[in-house]
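Enquirer: model this:
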Amino acid sequence: MLPLLLVALGAAGALLLAGAVSAWWWCAAGPLLALTALGARDLAQRRDSVLRNYPLLGRVPFLPAAVRPTWRRYVVERSVDGRPYDGRPYAQSVRALVYERAAGAEAEAPSGTGRAVYEDGHEFLEPSLRPVGVPDEPPVVRVGGPDCTQPYDMALLNVSAMSFGALSSNAVLALNRGAALGGFAHDTGEGGLSDHHLRGGGDLVWEIGTGYFGCRTPEGDFEAREFADKAALPEVKCVSLKLSQGAGPGVGGVLPGVKVSPEIARERGVPEGVTVVSPACHRVFSTPRELVLFIARMRELAGGKPTGFKLCVGSRCQFLAVCKAMLAEGVTPDFVVVDGSEGGTGAGPREFAGTVGTPLTEGLMTVHNALVGTGLRDRVRIGASGGIATGSDIVRRLLQGADYTNAARAMMLALGCVQAGRCHTDTCPTGVATQDPRRVRALDVADKSERVRRYQRATVLGASRIMAAMGVRDAGGLTPDLLMRRVGPTAVRSYAELYEWLAPGVLLAEPPPDWASDWAAADPDAF
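Expert: Here you go, the predicted structure:
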């Protein structure tokens with residue numbers, strides 16, 4: 001009580017001096033009156049015993065916790081702190097690289113690396129004594145299997161799934177215009193196909209989640225006619241079915257009610273201001289066989305456009321069951337996007353982060369090997385998402401089995417995100433992850449779309465330069481023996497030595513011992 005009494009007495013004294021001596025005393029009276037009101041509120045509330053017993057003073061311990069993330073990020077953290085390979089959080093040096101590339105101001109490094117190159121787990125790429133020239137045009141990947149009639153040329157780096165709702169209208173529009181300017185794809189996320197996605201002219205991968213937003217019946221089921229009408233739009237180049245995401249595999253996506261504006265509610269067909277929690281699983285299928293048949297139906301409804309699915313890998317046996325269903329039905333997706341458990345989201349269960357789901361490295365190699373081992377790899381392209389930020393990230397994922405990559409947080413950084421950690425509160429200070437009109441207005445679409453274009457172009461160029469230095473003209477020349485990992489003070493092994501890489505069709509002939517039990521247990525009619 002004593003601090004509150006002292007503040008109240010100070011406020012009273014300042015008020016008297018303001019009236020009797022000088023109006024300048026209002027400069028002291030105002031803050032003291034505000035503190036007095038806050039202390040009175042602490043005294044009257046009933047939820048927090050500490051604040052009730054120690055008004056004002058009880059708030060002091062919360063101050064360091066409130067400022068610690070920002071203080072550490074911008075004052076304490078060294079350039080190499082963070083985890084540069086898994087992106088939780090990005091090292092300051094990686095964030096600086098993204099900002100510089102987005103601004104078009106990237107410079108050569110003035111000194112050597114700050115990474116601990118002799119620590120266990122350090123990875124590096126092998127250069128060649130005979131490097132090749134960097135291609136004049138950025139490489140693309142043709143996406144479209146034998147049942148696809150409208151194949152699409154995918155860039156090596158694209159905008160990963162981020163919904164309108166999680167992101168602001170200006171952020172979505174800036175990402176889409178950046179994609180149009182740079183010639184790469186923009187995944188809509190599961191929140192529906194909004195006008196902001198369509199206005200920018202960029203190529204879209206329309207993602208459908210368990211909530212079926214954008215093609216949803218009033219009861220929450222999949223609406224085929226609405227899906228077909230929207231999939232026919234020329235901006236939609238591919239359609240994707242979201243099975244799970246790295247930030248929360250096994251649970252539905254979450255959009256906090258504070259971000260469900262009237263426009264978001266109309267787009268999604270949900271109540272305004274109420275938290276939207278998508279179902280954990282799909283209604284349209286319940287077995288691997290039903291999944292692949294629904295993929296075929298989606299492709300037919302989409303007029304033959306590339307159709308695939310996204311997942312965070314869990315059980316290897318379950319993915320092998322999907323492969324068996326593909327073989328049984330003669331149906332394959334045109335692409336599979338593998339999301340690593342290191343992926344982030346604006347709102348998700350805290351307990352899931354980094355503890356549920358397979359990290360991208362193992363998940364990517366599982367999907368690649370399963371498709372190779374079943375003889376299906378040449379029909380299916382693989383995308384990788386989760387912690388992609390630099391050219392070396394792209395090359396590493398291509399070596400591990402991907403054909404192309406997607407980035408979410410790095411694209412947000414290019415938009416101006418400062419990693420304030422307020423995505424779920426609707427108080428994003430940069431206007432990227434909020435629906436507050438005042439905050440959204442601060443994000444200039446023309447400027448930010450150019451930043452996104454410059455970042456993507458420079459990063460793909462960085463990947464091309466690395467591959468050229470390795471003596472590789474395109475991603476097809478990358479092999480696992482070119483990626484090395486330190487496994488001890490005096491031991492370095494390549495990915496070809498560390499991991500098992502299946503031969504084409506081997507699972508159909510004689511499964512290797514490490515795969516035999518999972519292959520035998522995989523059931524195309526049950527997950």
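Enquirer: helix, strand or coil: sort out residue 237 for me.
Expert: Reducing the assignment at residue 237 to three states with DSSP: H, G, I helix; E, B strand; the rest coil gives strand.
Enquirer: tell me how many other residues surround it.
Expert: Counted with other Cβ atoms under 10 Å, the burial measure for residue 237 works out to 22 neighbours. No exception for glycine: its C-beta is placed from N, CA and C like everyone else's.
Enquirer: relative to residue 306, how far out is it?
Expert: Here the criterion is Cβ to Cβ, to the nearest Å. By it, residue 237 lies 7 Å from residue 306.
Enquirer: residue 317 now?
Expert: Using Cβ to Cβ, one gets 27 Å for the distance from residue 317 to residue 306.
Enquirer: more crowded one of the two?
Expert: Per other Cβ under 10 Å, whichever of residue 317 and residue 306 has more neighbours is residue 306, with 26 against 16.
Enquirer: OK, contacts around the more buried one?
Expert: Shown here is residue 306, whose contacts under the criterion Cβ atoms under 8 Å, 6 or more residues apart in numbering are 143-145, 148, 150-152, 237-239, 299, 334-335.
Enquirer: which of those residues are buried, as a PyMOL select command?
Expert: Taking 16 or more other Cβ atoms under 10 Å as the burial criterion, the selection of buried members of the contacts of residue 306 in PyMOL is written as:
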select buried, resi 143+144+145+148+151+152+237+238+239+299+334+335
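Enquirer: and the contacts of residue 306 as CSV, adding pLDDT, distance to residue 200 and secondary structure?
Expert: Formatted as CSV, the entries for the contacts of residue 306 read as follows, by pLDDT from 0 to 100; distance: Cβ to Cβ, whole Å; DSSP: H, G, I helix; E, B strand; the rest coil:
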residue, pLDDT, distance to residue 200, secondary structure
143, 98, 21, strand
144, 97, 24, coil
145, 96, 28, coil
148, 98, 25, coil
150, 98, 21, coil
151, 98, 23, coil
152, 98, 17, strand
237, 98, 14, strand
238, 98, 17, strand
239, 98, 19, strand
299, 98, 25, helix
334, 98, 24, coil
335, 98, 23, strand
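Enquirer: between all of the contacts of residue 306, which two are separated the most?
Expert: Based on Cβ to Cβ, the longest span within those runs between 145 and 237 and measures 15.0 Å.
Enquirer: show me the common contact partners of residue 237 and residue 306, please.
Expert: What both residue 237 and residue 306 touch, as defined by Cβ under 8 Å, 6+ apart, is the set 150, 152.
Enquirer: export only the CA atoms of stretch 124-135, formatted as CSV.
Expert: Output in CSV follows, covering the C-alpha atoms of stretch 124-135 (Å, rounded to 0.1, in the frame of the first residue of the first chain):
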residue,chain,number,x,y,z
PHE,A,124,28.6,-27.7,-44.9
LEU,A,125,28.4,-28.2,-48.7
GLU,A,126,31.3,-29.5,-50.8
PRO,A,127,32.6,-27.1,-53.4
SER,A,128,34.2,-28.3,-56.7
LEU,A,129,37.7,-27.7,-58.0
ARG,A,130,35.9,-27.3,-61.4
PRO,A,131,32.9,-24.9,-60.7
VAL,A,132,30.5,-24.1,-63.5
GLY,A,133,28.8,-20.9,-64.6
VAL,A,134,25.7,-19.5,-63.0
PRO,A,135,22.7,-19.8,-65.3
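Enquirer: please enumerate residues in contact with it?
Expert: Contacts made with stretch 124-135 from outside it, assessed by Cβ under 8 Å, 6+ apart, are listed as 117, 392, 395-396, 399, 461, 464-466, 468-474, 481-484, 494.
Enquirer: now do the buried residues in it.
Expert: Judged by neighbour count using 16+ other Cβ under 10 Å, the buried positions of stretch 124-135 are 124, 125.
Enquirer: gap between that stretch and the chain center?
Expert: The chain centroid and the centroid of stretch 124-135 are separated by 30 Å under Cα atoms, centre = their mean, to the nearest Å.
Enquirer: contacting residues around residue 207?
Expert: 161, 187, 188, 189, 190, 239, 240, 241, 242, 310.
Enquirer: helix, strand or coil for it?
Expert: Reducing the assignment at residue 207 to three states with three-state DSSP gives strand.
Enquirer: for the one 4 residues further on, same thing?
Expert: Per three-state DSSP, the local secondary structure of residue 211 is coil.
Enquirer: which ones are touching the nearest residue to it once chain neighbours are set aside?
Expert: When the adjacent residues along the chain are set aside, residue 211 lies closest to residue 278, with 3.9 Å between them (Cβ to Cβ, 6 or more residues apart in numbering). Residue 278 sits next to 190, 209, 210, 211, 252, 253, 254 when contact means Cβ under 8 Å, 6+ apart.
Enquirer: pLDDT weak spots in the stretch 201-350 of the chain?
Expert: Along the stretch 201-350 of the chain, the model assigns pLDDT under 70 to residues 247-248, 250, 343-350.
Enquirer: now do the helices in it.
Expert: Per DSSP state H, counting those that start in this stretch, the stretch 201-350 of the chain carries helices over the ranges 224-231, 262-268, 288-301, 316-329.
Enquirer: what does the second one rub up against?
Expert: Right, helix 262-268. 164-165, 169, 191-192, 194, 211, 213-214, 216, 255, 260, 270-273, 276, 435.
Enquirer: now do the buried residues in that helix.
Expert: Taking 16+ other Cβ under 10 Å as the basis for neighbour counts, the residues of helix 262-268 that come out buried are 263, 264, 265, 267, 268.
Enquirer: between these, which is nearest residue 526?
Expert: Nearest to residue 526 among the buried residues of helix 262-268, counting by Cβ to Cβ, is residue 268 at 31.8 Å.
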